[in-house]
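[1] All I have is the shape, not the residue letters:
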């Protein structure tokens, strides 16, 4: 049984205007059945759903599940609650378009630390009427099929409650009826709570209708007596496994090959100039001893002075610093853009119960891949250019040398910078936005 007692929730705009979303609301929900929550826009029904799903927290009051008050829990604990006990079906479907249906549904299992069993996924696909759809991509199916996938993704977790936010809002009437029939079937064994503007749909399918007005309970009617089944409740502290996070991270970046190539190339070019300038500074400060066997000290000094006439060591040092500044700036711009473009994907991971560490592990792989590709390309080009310059301009004398110590330092730099920027960008998205606001963007 789920109970909300004296729930209050206010929102304050940037201009300081306070909006009361829920005003001392108390309501209980059974362990199974189809419950509709109706109300006009701004009535508080979506806020009620967000609190039920652990996407938002109340300012005051109690949220009790089987005798356990989960109001006031930390964000990590709410992630665990959402992961183990809540399935979401959104109006905009919120499936990851570039993932296959197997991957979209399997993600819900893997976030629970379970194996994404193909057999189990096929069974749930058969239940929602999409047998043999597993290998299709999210962008290859219709809106009604996407909503069925969303239902399957919610069900496969075996949640205590399924929350549906306008699940038929973007569907035609025939497809809407099919989705409602499916949710009605699900409600025989689960609690299904639907937030809707459609009273006719509610009258047709609901076991119980709750109407919200101005943040208060205006009406509560049911076709059948409400039965409460007491079930054990506990938090399940699971996380996405190493190989699963690696798979999803590499998968995400593999879908943006053009961006990966451009990012890698631009970062590698900046690093290449840093290599060349480093080699030049190395020659000016400490020429290769092998040159003394070929050139006299006077010839070596003349060569050094002649080269500094074109590029003084002080200017070369400043340019080298500038190259590293450009390297860091370019890395930040490209990585932050890449992560921000997938802000909705982050929201989906979070809504499914993924905690911050899970999400970071997925996106950190992107930084690792870009850093590795960029470093390998830049190191190869730097080595090749140094040899080529010596051959073309210095009769193959080892005037400029590729500095492997510098290469090692660049390796540490590019990896630390890439991963740091990934972490900062993801944390910025999660800190400054609620899950709902992320999903709506």
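    Arrived safely. The model shown is predicted, which means the values in this text are computed figures rather than measured ones.

[2] my guess is residue 425 meets residue 340, correct?
    Yes - between residue 425 and residue 340 there is a contact at 6.6 Å, judged by C-beta atoms under 8 Å. Where you see a C-beta, it was placed from the backbone N, CA and C, and this is true even at glycine.

[3] neighbour-wise, which of those two wins?
    Of the pair residue 425 and residue 340, residue 425 is the one with more neighbours under other C-beta atoms under 10 Å, namely 21 against 14.

[4] how near is that one to residue 243?
    For residue 425, the distance to residue 243 equals 24 Å [C-beta to C-beta, to the nearest Å].

[5] residue contacts, residue 12?
    By C-beta atoms under 8 Å, 6 or more residues apart in numbering, residue 12 lies in contact with 18, 19.

[6] Residues in a beta bridge with it, which ones?
    Legend: beta-bridge partners of residue 12 under DSSP bridges are residue 18.

[7] For the stretch 101-250 of the chain, give me the ranges with low pLDDT.
    For the stretch 101-250 of the chain, applying pLDDT under 70 flags the ranges 223-238.

[8] hey, where'd the helices end up in it?
    Taking DSSP state H, counting those that start in this stretch to define them, one finds helices in the stretch 101-250 of the chain at 101-110, 118-127, 143-155, 173-186, 199-205, 242-254.

[9] I'd like those as TSV, with distance to residue 307 and mean neighbour count appended.
    As requested, the helices of the stretch 101-250 of the chain are exported to TSV (distance: least, C-beta to C-beta, whole Å; neighbours: other C-beta atoms under 10 Å):
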stretch	distance to residue 307	mean neighbour count
helix 101-110	56	23
helix 118-127	64	15
helix 143-155	64	24
helix 173-186	73	17
helix 199-205	80	15
helix 242-254	41	17
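
[10] Using JSON lines, please lay out these together with distance to residue 58.
    Output for the helices of the stretch 101-250 of the chain, formatted as JSON lines (distance: least, C-beta to C-beta, whole Å):
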{"stretch": "helix 101-110", "distance to residue 58": "26"}
{"stretch": "helix 118-127", "distance to residue 58": "33"}
{"stretch": "helix 143-155", "distance to residue 58": "23"}
{"stretch": "helix 173-186", "distance to residue 58": "26"}
{"stretch": "helix 199-205", "distance to residue 58": "25"}
{"stretch": "helix 242-254", "distance to residue 58": "32"}
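
[11] Tell me which of these approaches residue 30 most closely.
    Nearest of these to residue 30, taken as C-beta to C-beta: helix 173-186 at 14.2 Å.

[12] name the helices or strands packed onto that closest one?
    For helix 173-186, the packing partners by 3 or more C-beta pairs under 8 Å, 6 or more residues apart in numbering; DSSP states H and E come out as helix 143-155, strand 161-165, strand 191-196, helix 199-205.

[13] And these: which comes nearest residue 314?
    Between residue 314 and the helices and strands packed on helix 173-186, the tightest spacing by C-beta to C-beta is seen for helix 143-155, at 60.8 Å.
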